[in-house]
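Student: I'd like to go over a predicted model; first the sequence, then the structure.
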Amino acid sequence: MRRPRAPRSLRGRLILGLVVLLAVVCTSVGAATVLALRGFLTDRLDEQLTAGRGRFAASLEHEHAPDADNDGDTRGQAEDTLGARIVGDRVVGAAVVKDTDDDRVELTPADRRALVAVPRDGRGHTVSLTEIGDYRVAAWSGDEHDTLLTGLPLHPVEETLHRLEAVEAGVFGLALAATGTVGALWVRRSLLPLERVADTADRVAELPLASGQVAMPPPVPRADPATEVGRVATAINRMLGHVGDALDRRHAVEERLRTFAADAGHELRTPVANVRARAELALRHPGPLPGDVRRALERVAAESRRMSVLVDELLLLARLDAGRSLEREPVDLTRLLLDAAEDCRTLYPEHRWTLDLPAAPVVVAGDGFRLQQVVSNLLTNAGRHTPPGTRVAVVLGREAQQAVLTVTDDGPGIPRELLDQVFHRFTRGEAGRSREQGSTGLGLAIVDAVVSAHGGSTGVESRPGHTCFRITLPAESPGRPVEDD
């Protein structure tokens, strides 16, 4: 069987602790009261035994005299008083006082041994007898070198104690129930400001703080600053103010950077295009060109083309960051992969390309041009950053309502320190070679941004000999029309 769990909330622990503490106090008070009353009643029985001083037992000593009453002297004796005469180690007579007569008692060997073992000091001792129960007894030396023993029953004392225990159990039970109810209300009221603090913290934890404008929740209602809850509430409000200011400043900086990137891209697009056009025009000049001039013009043309790609990618990321909606139309990912794989086989013929596509088309709702860019960037990335002879497997499938695309290669893998940053902007594994090959460091960042804008997700896992990029996009059911936003 499982042990019951203790409450986890502070309110539950406080209420449980209060009830348990009160239960311990009530149990201690009840036990002390019962023990004190037991001692008091037992002392009263000892006083009665001392006052009677064995008169009933003494009558048993002379019950065989010629002028003696064989029934013993029961005058002034309480009902159920025990009298016994002991000679040596043997009980020769024992009787219990009844209404008008005495009643002989049949004693077992164990009872006889218990009576013989009572010290002859005139003090009260407790013995348990088989036939008549527990007794408080006292023994004195008789006139005939025998022992006279008198006892009073303990069952009235036990009945009184049991009655007291029942009353205490009822009273303490009602006290515990009332204390638990009132304590729960009191604790709930006392912890209400703390619950408001917890609710505010939960709302803050659910806010998308990673990017964009964030509306902070209202501050926690003020509480007494002299209390611990009031101090926590004040600290939370101060922290919310600092966090809100920091988020506003961050958003303002992001807006300025986004505006700068968009403006810079627009401003650079025309001069870069002019430089590229003039360089290509100069290269087509019919007359002979010196070798160093031709090489310089070729480098100018190549760098201008690379600059054009960089400007276009920066403008795309700026538009996606601004939250601009993309086109929504049915896009067949199967067709996009066929075209992209054919292009990559031409660009990287020494790689081993495999394509695994489902029999039925996999259709998603989105911007066909941007999704083509995602597929092309993934496959180009696999061909560009792996050595010749690398096997690249492209697999497309469906999982429930998701289209899943994986691009897996058996190349050297991504360095561990870069694995968490591959979808960040301007991240390069081999910066020098990437620049030589025309990489801007924005390809995978565009993949992540475009997939996120389509409601999908990106992921990567890598180790030496195995790298897998995984893309998921919401898939359309066959024959379902695509709704425009």
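Tutor: That came through, no problem.
Student: From now on I want contacts and neighbour counts done on CA atoms only, so please keep to that.
Tutor: Will do.
Student: what number of residues lie near residue 117?
Tutor: Counted with other Cα atoms under 10 Å, the neighbours of residue 117 add up to 11.
Student: From residue 348, how far out is it?
Tutor: Taking Cα to Cα, to the nearest Å as the measure, residue 117 falls 110 Å from residue 348.
Student: and if you look at residue 380?
Tutor: Using Cα to Cα, one obtains 9 Å as the distance from residue 380 to residue 348.
Student: Can you tell me what sits against stretch 15-34?
Tutor: Contacts of stretch 15-34 with the rest of the structure, by Cα atoms under 8 Å, 6 or more residues apart in numbering, involve 161, 164, 165, 168, 172, 176, 179, 180, 183, 184, 187.
Student: Using CSV, lay out the residues you listed together with neighbour count and distance to residue 81.
Tutor: Formatted as CSV, the contacts of stretch 15-34 follow (neighbours: other Cα atoms under 10 Å; distance: Cα to Cα, whole Å):
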residue, neighbour count, distance to residue 81
161, 18, 20
164, 16, 25
165, 16, 26
168, 19, 31
172, 19, 36
176, 20, 42
179, 16, 46
180, 18, 48
183, 18, 52
184, 19, 54
187, 16, 57
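Student: Give me the lowest-pLDDT entry from those.
Tutor: Sorting the contacts of stretch 15-34 by pLDDT puts residue 187 at the bottom of the list (83).
Student: hang on, the earlier thing: columns distance to residue 39 and secondary structure on top of the contacts of stretch 15-34, output as CSV?
Tutor: Rendered in CSV, the data for those read as follows (distance: Cα to Cα, whole Å; DSSP: H, G, I helix; E, B strand; the rest coil):
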residue, distance to residue 39, secondary structure
161, 11, helix
164, 14, helix
165, 15, helix
168, 18, helix
172, 22, helix
176, 28, helix
179, 31, helix
180, 33, helix
183, 36, helix
184, 39, helix
187, 41, helix
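Student: nearest to residue 366, of those residues?
Tutor: Nearest to residue 366 out of the contacts of stretch 15-34 is residue 187 (Cα to Cα; 54.8 Å).
Student: Next, the contact list for the spatially closest residue to that closest one that is not a sequence neighbour, please.
Tutor: For residue 187, the nearest residue in space outside its immediate sequence neighbours is residue 11; the separation is 6.4 Å by Cα to Cα, 6 or more residues apart in numbering. In this structure, residue 11 makes contact with 184, 187, 188, 191, judged by Cα under 8 Å, 6+ apart.
Student: backbone phi and psi for residue 88, please?
Tutor: Reported as degrees, to the nearest 10, the phi and psi values for residue 88 are phi 70, psi -120.
Student: okay, now it: neighbour count?
Tutor: The criterion is other Cα under 10 Å. On that basis, residue 88 has 11 neighbouring residues.
Student: same thing with residue 357?
Tutor: Taking other Cα under 10 Å as the criterion, the count of residues near residue 357 is 18.
Student: Based on its surroundings, how many neighbours for residue 447?
Tutor: Other residues close to residue 447 by other Cα under 10 Å number 23.
Student: just residue 406 next, same as before
Tutor: Close neighbours of residue 406, defined as other Cα under 10 Å, add up to 20.
Student: mind showing which ranges of the stretch 1-150 of the chain have poor pLDDT?
Tutor: Under the criterion pLDDT under 70, the flagged ranges of the stretch 1-150 of the chain are 1-8, 54, 57-58, 60-76, 99-103.
Student: Averaged pLDDT, stretch 366-386. What do you get?
Tutor: Averaging pLDDT along stretch 366-386 gives 90.
Student: Oops, could you answer that again for stretch 470-485 instead?
Tutor: 69.
Student: got it, and stretch 459-467?
Tutor: The predicted model assigns stretch 459-467 a mean pLDDT of 92.
Student: Give me the domain ranges for this protein.
Tutor: 1-52+155-190, 55-153, 206-324, 329-474 (automatic domain parsing).
Student: Show the end-to-end separation of the third one, please.
Tutor: By that I understand domain 206-324. Between the start and the finish of domain 206-324 there is a gap of 24 Å, counting by Cα to Cα.
Student: next one: that domain to chain centre, how far?
Tutor: Here the centre of mass of C-alpha atoms in domain 206-324, compared against the chain's by Cα atoms, centre = their mean, to the nearest Å, lies 39 Å away.
Student: Equivalent analysis for the last one, please.
Tutor: Here domain 329-474 shows a centroid-to-chain-centroid distance of 38 Å under the convention Cα atoms, centre = their mean.
Student: Also stretch 104-115?
Tutor: 66 Å.
Student: same thing with stretch 138-154?
Tutor: Here stretch 138-154 shows a centroid-to-chain-centroid distance of 71 Å under the convention Cα atoms, centre = their mean.
Student: Ok, stretch 167-178 next?
Tutor: Between the mean C-alpha point of stretch 167-178 and the mean C-alpha point of its chain there is a distance of 36 Å (Cα atoms, centre = their mean).
Student: List the buried residues in that stretch.
Tutor: In terms of neighbour count (16 or more other Cα atoms under 10 Å), stretch 167-178 has its buried residues at 168, 172, 175, 176.
Student: Next up, the contacts around the second one.
Tutor: Residues in contact with residue 172 (Cα under 8 Å, 6+ apart) are 23, 26.
Student: and if you look at the last one?
Tutor: Residues in contact with residue 176, defined by Cα under 8 Å, 6+ apart, are 19, 22, 23.
Student: Counting neighbours, which of those comes out on top?
Tutor: Once you tally neighbours by other Cα under 10 Å, residue 19 ends up highest among the contacts of residue 176, having 21 neighbours.
Student: residue ranges for the strands of the stretch 101-250 of the chain, please.
Tutor: Remark: strands assigned in the stretch 101-250 of the chain by DSSP state E, counting those that start in this stretch are 102-104, 125-129, 133-141, 147-153.
Student: okay if I get these as a markdown table plus mean neighbour count and distance to residue 31?
Tutor: Supplementary listing: these in a markdown table, determined by neighbours: other Cα atoms under 10 Å; distance: least, Cα to Cα, whole Å:
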| stretch | mean neighbour count | distance to residue 31 |
| --- | --- | --- |
| strand 102-104 | 17 | 37 |
| strand 125-129 | 17 | 21 |
| strand 133-141 | 21 | 21 |
| strand 147-153 | 27 | 23 |
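Student: got TSV for those strands, with distance to residue 260 too?
Tutor: Output for those, formatted as TSV (distance: least, Cα to Cα, whole Å):
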stretch	distance to residue 260
strand 102-104	116
strand 125-129	101
strand 133-141	101
strand 147-153	103
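Student: Can you name the helix or strand that the nearest residue to residue 356 once chain neighbours are set aside falls in?
Tutor: The spatially closest residue to residue 356, leaving aside those adjacent along the chain, is residue 395, at 4.7 Å (Cα to Cα, 6+ apart). For residue 395, the host element (DSSP states H and E) is strand 391-399.
Student: got the CA positions of that strand in PDB?
Tutor: Extracted C-alpha coordinates of strand 391-399, given in PDB (Å, rounded to 0.1, in the frame of the first residue of the first chain):
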ATOM      1  CA  ARG A 391      26.100  10.100 -48.600                       C
ATOM      2  CA  VAL A 392      23.200  12.500 -48.300                       C
ATOM      3  CA  ALA A 393      19.700  11.000 -47.700                       C
ATOM      4  CA  VAL A 394      16.600  13.100 -48.200                       C
ATOM      5  CA  VAL A 395      13.400  11.600 -46.700                       C
ATOM      6  CA  LEU A 396       9.900  13.100 -46.800                       C
ATOM      7  CA  GLY A 397       7.000  11.600 -45.000                       C
ATOM      8  CA  ARG A 398       3.800  12.300 -42.900                       C
ATOM      9  CA  GLU A 399       3.300  11.800 -39.200                       C
END
